[in-house]
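# what's the 3D shape of this:
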Amino acid sequence: MRRYFHPETDDIRLPGVLFALSDATRIGIVVALSDGSERTAGDLGGDIAKSTMTHHLKILREAGVLRVRSEGTRCYNSLRLDDLEDRFPGLLKQVLSSAARDGYAMADAHR
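Coordinates of the predicted model:
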């Protein structure tokens, strides 16, 4: 089973989170996972090349935005909602609100 690096909550840094959220595809991924669900890269990626989706998920994971859970040969991605709220209260809620206002949707993860 593959192990992934996830920063501890106290090690999540604002510049890394903001960088991770600075791309339309990554915002689409966050919107898609904002319901608390877990999804595989294939569920999120649609027609995006596997290597490109892997790159986006790695940036989100290493910034502390996502958690990856391996189960057999599948990897499930979910938002670290509680960790981000503890570290930066209201930030993710504001990002999701702005994303909704600007028309981002799960489909943006498929760009």
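# outside of the strand or helix carrying Leu44, which residues touch it?
Taking DSSP states H and E as the definition, Leu44 sits inside helix 41-45. Contact with helix 41-45 is made by Ile29, Ala32, Leu33, Lys50, Thr52, Met53, Thr54, Leu57, Cys75, Asn77, Ala109, His110, as judged by CB atoms under 8 Å, 6 or more residues apart in numbering. To be clear about C-beta, it is placed using only N, CA and C from the backbone, and glycine gets the same treatment.
# Among the residues you listed, name the ones in helices.
Ile29, Ala32, Leu33, Lys50, Thr52, Met53, Thr54, Leu57 (DSSP state H).
# Arg69 against Arg61, yeah?
No - taking contact to mean CB atoms under 8 Å, the distance of 11.1 Å between Arg69 and Arg61 leaves them out of contact.
# Phi and psi next, for Asp35.
Main-chain dihedrals, Asp35, degrees, to the nearest 10: phi -80, psi 0.
# count of neighbours near it?
Counted with other CB atoms under 10 Å, residues neighbouring Asp35 total 9.
# Now do it, the pLDDT please.
In this prediction, Asp35 carries a pLDDT score of 92.
# and Ser78, what does it touch?
Each residue near Ser78 by CB under 8 Å, 6+ apart is listed here: Leu33, Gly36, Ser37, Glu38, Arg39, Leu66, Arg67, Arg69.
# swap that for Phe5, sorry
Under the criterion of CB under 8 Å, 6+ apart, the contact partners of Phe5 comprise Arg61, Glu62.
# Thank you kindly, that will do.
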